[in-house]
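>>> Turn this into a structure:
(chains A, B, C and D)
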Protein chains: 2
Amino acid sequence: MVATLGTRARILDVASRLMMRQGYEGTAIKQIATEAQVALSSVYHFFPGGKQGLATEAVRHADEHFAQMLQDALASKDDPAEAVVALAWVVAEYLRDSDWQDGCPITATALETVGRIPEIQQAVEVAFERWRGLVADKLRRSGFAEADAQELAHTVINTLEGAELSAQVSRTPEPMEIAGRHLARLINSYR
Amino acid sequence: MVATLGTRARILDVASRLMMRQGYEGTAIKQIATEAQVALSSVYHFFPGGKQGLATEAVRHADEHFAQMLQDALASKDDPAEAVVALAWVVAEYLRDSDWQDGCPITATALETVGRIPEIQQAVEVAFERWRGLVADKLRRSGFAEADAQELAHTVINTLEGAELSAQVSRTPEPMEIAGRHLARLINSYR
DNA sequence: GTCTATAACGAGATAGAC
DNA sequence: GTCTATCTCGTTATAGAC
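Numbering: from 1, shown residues only, chains lettered A, B, ... in the order given. This next block holds a predicted model:
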């Protein structure tokens, strides 16, 4: 499957995976080239913007990937509160299956570069907005008021974000389970 | 004030501040030495454990500093829900005052090193546990059941953590305000 | 404890042949 | 588009004088 990907796509895949685990500064282009099985010069051929340009596109790549997962999880349940619990579960399994290595694909890069590399920061902002938009949509379609839906979307994404980090550090799914339950309770308190 | 600090303390201060903004991999020991106005060799003199050892102690240093702030903010209000709102506000002001540069002092380092540098990961885990403990204490003293207090403490810390990142990326206090309101609502739903 | 100097290595990035 | 080779710089870390 990976072998059928084009060179450019393979580079992006490997780059986003490595930056998820090691961050932007901790990931060398040489390592990306090696793991993607391409020559170093090929990376610069496809990404003339250098490391910053590559990282920016890797964030966009991860954004789309994560948004797809988010959308699928939310669509698995009709009730929005149940859907958020399902989402928390999916993420928890994803975490455990990777031995607590793979969390949010862009957080590490975001934290290292915020206020320092505008190009990357903007890609992160776009991603967060998209993810919140998907959650807000789900709530809106279930009859939630516009303002409530938008505010709840903020907290759903932010709480899951924090819980993911906590789960990674403690190597237990508990923070994700608690987050799912509390978010469902919060959502249900608005109707 | 900074000038009156001992050399070792000054190194820790600068190290934790820089690692908060740039992460572990993005912070060079040379930069720490320069900004702390000490010789490079002095850093290795005080921290023979090298960069990993220094980072571990920097996390512990930031832990204590942040715990103090947390405790003060929580103590500013008698009611636990109001106290959490106050905490969110204090953090939001701290963020804005630093032009959205200074968020949680250990998150960036945590994400880069989780699953890769056990020494640092453990210091992060201890910090998170301490912070949760302070919130749980506040709730317990207000009559919340033990289990509820512990679970709520998880979500309070995790939600603030995620909201901080969101506020930094979007450069607005809105995520913190929403987080404060939602957390208060969640807490109040338990009594 | 702090100074200067430097070793050993890996980083980002580029050149030019093919 | 990919190969090999290389440049330049910054990194962690250490040595030895003072």
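>>> Buried residues in stretch A:97-108, which are they?
In terms of neighbour count (16 or more other Cβ atoms under 10 Å in any protein chain shown), stretch A:97-108 has its buried residues at A:Trp100, A:Asp102, A:Gly103, A:Cys104, A:Pro105, A:Ile106, A:Thr107, A:Ala108. For glycine as for every other residue, the C-beta is placed from the backbone atoms N, C-alpha and C.
>>> what residues are up against A:Lys30?
Applying Cβ atoms under 8 Å, 6 or more residues apart in numbering or on different chains to A:Lys30 gives the contacts A:Leu40.
>>> Need the residues that contact stretch A:159-178.
Contact with stretch A:159-178 is made by A:87-89, A:91-92, A:95-96, A:100-101, A:103-104, A:107, A:179, A:182-183, B:107, B:110-111, B:114-115, B:121, B:124-125, B:128, B:151, B:154-155, B:157-163, B:165-166, as judged by Cβ under 8 Å, 6+ apart.
>>> Can I get that stretch in CSV, CA atoms only?
The C-alpha coordinates for stretch A:159-178 follow below in CSV (Å, rounded to 0.1, in the frame of the first residue of the first chain):
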residue,chain,number,x,y,z
THR,A,159,-10.4,18.7,25.8
LEU,A,160,-9.6,15.8,23.5
GLU,A,161,-6.3,17.5,22.6
GLY,A,162,-5.3,17.8,26.3
ALA,A,163,-6.6,14.3,27.1
GLU,A,164,-4.5,12.8,24.3
LEU,A,165,-1.3,14.3,25.7
SER,A,166,-2.2,13.1,29.2
ALA,A,167,-3.0,9.6,27.9
GLN,A,168,0.4,9.5,26.1
VAL,A,169,2.3,10.6,29.2
SER,A,170,0.5,8.3,31.6
ARG,A,171,0.2,5.4,29.1
THR,A,172,-3.4,4.7,30.0
PRO,A,173,-6.7,5.3,28.2
GLU,A,174,-8.3,6.7,31.3
PRO,A,175,-8.0,10.4,30.4
MET,A,176,-9.7,9.8,27.0
GLU,A,177,-12.5,7.8,28.7
ILE,A,178,-13.1,10.6,31.2
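>>> Show me which residues of chain A sit near DNA strand D.
With the criterion set to Cβ under 7 Å from any atom of the strand, chain A comes near DNA strand D through A:Thr7, A:Val38, A:Ala39, A:Leu40, A:Ser41, A:Ser42, A:His45, A:Phe46.
>>> Apply 10 Å and report the result again.
Contacts of chain A with DNA strand D, taken as Cβ under 10 Å from any atom of the strand, map to A:6-8, A:10-11, A:25, A:30, A:33, A:36-46.
>>> Of these, keep whichever come out buried.
A:Arg8, A:Arg10, A:Ile11, A:Glu25, A:Ala33, A:Ala36, A:Val38, A:Ser42, A:Val43, A:Tyr44, A:Phe46.
>>> which one of those sits closest to chain B?
Checking those against chain B by Cβ to the nearest Cβ gives A:Glu25 as the nearest, at 3.7 Å.
>>> in what helix or strand does that closest one lie?
Using DSSP states H and E, A:Glu25 falls within no helix or strand.
>>> That one against B:Gln22, yeah?
Yes - applying Cβ atoms under 8 Å, one finds A:Glu25 in contact with B:Gln22, separated by 7.2 Å.
>>> which residues sit in contact with A:Ile157?
A:Phe128, A:Trp131, A:Arg132, A:Val135, B:Gly162, B:Ser166.
>>> from the residues you listed, which ones fall inside helices?
Among these, the residues falling in helices (DSSP state H) are A:Phe128, A:Trp131, A:Arg132, A:Val135, B:Gly162, B:Ser166.
>>> which stretches of chain A have low pLDDT?
Applying pLDDT under 70 to chain A flags the ranges A:1-3.
>>> Quick one: the strands in it, in order.
Using DSSP state E, chain A contains no strands.
>>> about what we covered before: anything in contact with each of A:Glu25 and B:Gln22?
In contact with both A:Glu25 and B:Gln22: A:Glu112, using Cβ under 8 Å, 6+ apart.
>>> Neighbour-wise, give me the winner out of the contacts of A:Ile157.
Comparing the contacts of A:Ile157 by number of neighbours (other Cβ atoms under 10 Å in any protein chain shown), B:Gly162 comes first, having 30 neighbours.
>>> Relative to A:Ser98, how far out is it?
Separation of B:Gly162 from A:Ser98 (Cβ to Cβ, to the nearest Å): 20 Å.
>>> Show me what from chain A comes close to DNA strand C.
Residues of chain A found near DNA strand C (Cβ under 10 Å from any atom of the strand) are A:24-34, A:39-45, A:47-55.
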